[in-house]
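# Following is a predicted model, sequence given first.
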Amino acid sequence: MSTSPVTLGKALNMGLRKAMEDDAKVLLMGEDIGKLGGVFRVTDGLQKDFGEDRVIDTPLAESGILGTAVGLAMRGFRPVVEIQFDGFVYPAYDQIVCQVAKLHARSRGRLPMSIVIRIPFGGGIGAVEHHSESPEAYFAHTAGLKVVACSNPVDAYWMIQQAIAHPDPIVFFEPKRRYWEKAELDTEATPEPLFASRLVREGSQVTVLAYGPMVKTALQAASAAEEEGISVEVLDLRTISPLDMGPVLASVRRTGRCVVVHEAPSNLGLGAELSARITEACFYELEAPVLRVGGYDTPYPPSKLEEDYLPDLDRVLEAVDRSLAF
């Protein structure tokens, strides 16, 4: 057994390294990912060990990076593309939704499109404009793409490898404010399936759903609620598209109440989709409406205001209290 505490960023590095060792067709592309090792050092040391042909420093041109990845995937390679920050993905949006998402179906399965698009997402690091966004709903809405989000080092290590091995294109969201948080990682354990949500804390009165950076916030809220005698169950969704609703519905049927938490604005976000699906399936078991806690429907604010913008422990607890008041 190989067990040691590692950061989420290091776990991703280890997972990428393992995938590259296992399959010579895996290559990495992105801005400053080679010599620098990426702005968050996720790819640190990989170019030195695998060479510039497999860890490729690209120009600052996201649409060019994705266009190149499409061609490589057509020829059987497995490109892993890094978008340096969430807000930089939009120049590549056309490539992602018009080519990456559609080519496999358009070619009647003849053209593989095994691309992983890594995107650091969310706020909480005091960054400037375009560096703290949550664009996951854009991609979850796009047929032909799969979308996942890790929340901890263990998932980061396994999920990046599973995503690379998967035949379909996957948008892989990484919670940038959690890159430096540590957990014990057993590299010989049996991983959970990629597209599966997971119960991370048992409770009996309210279900809280979260993914990515908000999982830790939800767990902190559950611990605070326990001190007030309130039992909160927390699920880490892990997969955004396809949504794994089995554990979600089972939990809501037990508790009768649900709060969905995400950093992205609530308007047309994942919380709305989850609320609709839960209401359709659990209408007679619900004791209260499904409530949402999200970012506000404004452009992401300057860093001095981001703590007022982002969902926090108090806002989650307030939603839990509102749910219990029905």
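Okay, I see it.
# going forward, measure contacts and count neighbours with C-alpha atoms only.
Noted.
# pLDDT at M1, what is it?
pLDDT, M1: 49.
# Look at S132 and tell me its secondary structure.
At S132 the chain is in coil, as set by DSSP: H, G, I helix; E, B strand; the rest coil.
# who's in contact with stretch 246-258?
For stretch 246-258, contacts defined as Cα atoms under 8 Å, 6 or more residues apart in numbering pick out 197-199, 203-209, 233, 235, 278, 281-282, 285-291, 323-324.
# what do you get for stretch 236-243?
So stretch 236-243 is contacted by 140, 145-151, 194-200, 209-212, 215, 244, 270 (Cα under 8 Å, 6+ apart).
# Out of the residues you listed, which sit inside strands?
K146, V147, V148, A149, R198, L199, V200, L209, A210 (DSSP state E).
# just for the stretch 1-150 of the chain, where's the confidence low?
1-2 (pLDDT under 70).
# Strands of that one, start to end?
Remark: strands assigned in the stretch 1-150 of the chain by DSSP state E, counting those that start in this stretch are 3-7, 26-30, 55-57, 78-82, 116-121, 146-149.
# Could you do the stretch 201-326 of the chain as well?
Using DSSP E, counting those that start in this stretch, strands in the stretch 201-326 of the chain cover 206-210, 232-236, 239-241, 258-265, 291-295.
# just how off-centre is stretch 143-158 within its chain?
Centre-to-centre, stretch 143-158 and its host chain are 5 Å apart (Cα atoms, centre = their mean, to the nearest Å).
# start to end distance for that stretch?
Start-to-end span of stretch 143-158 (Cα to Cα, to the nearest Å) is 25 Å.
# quick thing: my sequence starts at 23, can you match it?
Okay, using 23 as the starting number, the last item reads as stretch 165-180.
# And it, what's buried?
166-180 (16 or more other Cα atoms under 10 Å).
# which pair in the ones in strands among the contacts of stretch 258-265 spans the largest distance?
Farthest-apart pair in those is K168 and V222; separation 22.6 Å (Cα to Cα).
# Test of understanding: give the bridge partners of the residue nearest the centre of the chain.
Central residue of the chain (Cα atoms, centre = their mean): A171, 1.7 Å from the mean position. Note on A171: beta-bridge partners by DSSP bridges are F195.
# tell me the contacts of it?
F194, F195, E196, P197, Y233, G234, R260, T261, I262.
# Ranking by neighbours, what's the top pick from the residues you listed?
Of all the contacts of A171, the highest neighbour tally under other Cα atoms under 10 Å goes to F195, namely 29 neighbours.
# right, and that one touches R140 too?
Yes. Between F195 and R140 there is a contact under Cα atoms under 8 Å: 6.0 Å.
# per the record, what domains does this structure have?
The chain breaks down into these domains under automatic domain parsing: 25-208, 220-347.
# any idea of the mean pLDDT in the shortest one?
Mean pLDDT, taken over the full extent of domain 220-347, equals 97.
# How far off centre is it?
Remark: domain 220-347 is offset 16 Å from the chain centroid, using Cα atoms, centre = their mean.
# can you check the longest one too?
Taking the mean C-alpha point of domain 25-208 and that of its whole chain, the gap between them comes to 11 Å (Cα atoms, centre = their mean).
# Can you get me the start-to-end distance on it?
End-to-end distance of domain 25-208 (Cα to Cα): 4 Å.
# and L327, how many neighbours does it have?
11.
# Distance check, it against Y318.
Applying Cα to Cα to L327 and Y318 gives a distance of 12 Å.
# Check V77 too.
V77 is 38 Å from Y318, by Cα to Cα.
# got it, and V102?
Separation of V102 from Y318 (Cα to Cα): 32 Å.
# With neighbour numbers in mind, choose between those two.
The neighbour comparison of V102 against Y318 (other Cα under 10 Å) goes to V102, with 27 against 17.
# Go ahead and confirm the more buried one touches L49.
Yes. Counting by Cα under 8 Å, V102 touches L49, with 6.1 Å between them.
# Please produce TSV containing the contacts of A171, extended by distance to T29.
TSV is the format used below for those (distance: Cα to Cα, whole Å):
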residue	distance to T29
F194	17
F195	16
E196	13
P197	12
Y233	18
G234	15
R260	18
T261	21
I262	23
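# Please, where are all the helices along the stretch 173-322 of the chain?
175-187, 236-249, 267-277, 292-304 (DSSP state H, counting those that start in this stretch).
# Nothing else from me, thank you.
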